[in-house]
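K.L.:
with the input below, show me the fold.
(one chain, ligands or ions: 1)
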Amino acid sequence: MPRMHPTLLSVCPISDFEDSSVDILIDPQTRQWNVEMVEGLFHEEEAELIKQIPLSSVASEDILYWPYSSNGVYSSKSGYQFLKMEEELMDRAHDSVVDDDSQVWKRLWSMNTPQKVKTLLWRACREALPTKCSLFRRKISEEDLCVRCRAATENSLHALWSCTELDLVWGDPELWSFRNEVQFLSFKELLSWIIKHTQLLELFAVTVWSIWNQRNRVRLNQPADAIHQIAYLSKKWLAEYQARQEKKSGIGVVIRDTRGLVIASCSKVVHQVLSVSDIEALAAAWALSFASDVGVRRAILEGDSLTVISDLREDGKVLALYGLLLEDVKVLSLHFEELRYSHTKREGNSLAHGLARYALSIPDLLVWMEDVPPQFYSVLQTDLPSFS
Ligand SMILES: [Zn+2]
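P.N.:
Below you'll find the model as predicted:
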């Protein structure tokens, strides 16, 4: 058909005509299209196209000509234009295939992640990221080798998933062991697989975003996360994002003795999004209640909000929103024989912060006696010097 796409008839009009050739549509006497027949056999649009094709007055042999130039002769310019157009049409056709697979697209756009993460994944699926492969194709780059390993073509799938340099990111065998077991041909295929077979879509998505962001920052000589931190940081980022969406805050408390040994620790989730001062005040109240429950009678309450700690040291009423919470603290303080308030810098308090973040991933409250969760053992050590 004299049109761009599809050039073939969508369906063969009538099965009896399957082996017929075009000449049955031409009146041999007048050398004109047999309009009745054309209109009877084809869809309206196709019939119109056929009727527009000029016919010679004498029957002649079939010839091949190039339909994408005005004179029927092939030129490299028209060839290039044709390929470009074909690519666009393929893209559109590809999109309609994906429509069949619309569950994947639907799931992608409904992910519980920031918008920029969704957009990045969508672009990766369409090979629309400026990977080396895509820059090479557009003649912007002279080669297509991966910027990390220099050993393979860098398309989306390689840059974000299969590059060996990313073993450190996708190394957790409890989450990503299928990376060594399942082969994917494209990023889109990988994404579909993850949607169908795992519950990891959101974590996968933010990790992919972090990998791409880290790659670009390194290339631009900007400060970037170390590659071995990406998995951990992505998990943390996702937990914090989702907690904000779910309107949650976390409290973490560590009780240590004078030598720095842990008496007890806890993580508690609060189903509200609170300001820093509010959460610090609430944490102070919770810490005193917790300490009193485990039998501590003399304590120093450390917090890293200078405002809250100074307010606790003052006797007067605080008119801020967290004033009522501070009243709670003062009532609870009566359970102690001795209680002092001390401001500590955030760095000296990283264990409590870790526990507060951890709280966002638990249903309610977790308590550890004479211990902290194993993932915080290293933090426990770094916090210790403040006790020497
Ligand atoms: Zn690589």
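
K.L.:
would you mark the buried spots in stretch 24-40?
P.N.:
Neighbour-count burial for stretch 24-40, counted by 16 or more other C-beta atoms under 10 Å, picks out 25, 26, 33, 38. Placement of C-beta: from N, CA and C, glycine included.

K.L.:
er, stretch 350-365 actually
P.N.:
Across stretch 350-365, burial judged by 16+ other C-beta under 10 Å covers 350, 351, 352, 354, 355, 356, 357, 358, 359, 360, 361.

K.L.:
the fifth one - nearest residue in space that isn't next to it in sequence?
P.N.:
Just to be clear, that refers to residue 355. Distances taken as C-beta to C-beta, 6 or more residues apart in numbering place residue 252 nearest to residue 355, at 2.6 Å, with adjacent residues excluded.

K.L.:
and residue 163, its phi and psi?
P.N.:
phi -60, psi 130 (degrees, to the nearest 10).

K.L.:
nope, residue 376 is what I meant
P.N.:
phi -110, psi 10.

K.L.:
swap in residue 338?
P.N.:
Residue torsions, per degrees, to the nearest 10, at residue 338 are phi -150, psi 130.

K.L.:
same question for residue 361.
P.N.:
According to degrees, to the nearest 10, residue 361 has phi -100, psi 10.

K.L.:
name the residues that touch the helix or strand containing the residue nearest to residue 355?
P.N.:
Under the criterion of DSSP states H and E, residue 252 resides in strand 249-256. For strand 249-256, the external contacting residues (C-beta atoms under 8 Å, 6 or more residues apart in numbering) are 243, 262-270, 272-274, 279, 282-283, 286-287, 290-291, 294, 296, 299, 351-360, 372, 387.

K.L.:
what's the separation between residue 59 and residue 19?
P.N.:
19 Å (C-beta to C-beta, to the nearest Å).

K.L.:
now do residue 164
P.N.:
Computed as C-beta to C-beta, the residue 164 to residue 19 distance reads 56 Å.

K.L.:
the two: who's more crowded?
P.N.:
For residue 164 and residue 19, the more surrounded residue by other C-beta atoms under 10 Å is residue 164, and the numbers stand at 12 against 5.

K.L.:
quick one, what contacts the residue lying closest to the more buried one once chain neighbours are set aside?
P.N.:
Distances taken as C-beta to C-beta, 6+ apart place residue 149 nearest to residue 164, at 5.5 Å, with adjacent residues excluded. When the contact criterion is C-beta under 8 Å, 6+ apart, the partners of residue 149 are 163, 164, 165.

K.L.:
can we see that at 10 Å?
P.N.:
Residue 149 sits next to 158, 162, 163, 164, 165, 166 when contact means C-beta atoms under 10 Å, 6 or more residues apart in numbering.

K.L.:
turn those into JSON lines, including pLDDT.
P.N.:
Output for those, formatted as JSON lines (pLDDT from 0 to 100):
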{"residue": "158", "pLDDT": "97"}
{"residue": "162", "pLDDT": "96"}
{"residue": "163", "pLDDT": "96"}
{"residue": "164", "pLDDT": "95"}
{"residue": "165", "pLDDT": "96"}
{"residue": "166", "pLDDT": "96"}
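
K.L.:
of those residues, list those near the ion.
P.N.:
Checking the contacts of residue 149 against the ion by C-beta under 5 Å from the ion, the ones in range are residue 163.

K.L.:
residue 24 contacts residue 34, correct?
P.N.:
Yes: counting by C-beta atoms under 10 Å, residue 24 touches residue 34, with 8.0 Å between them.
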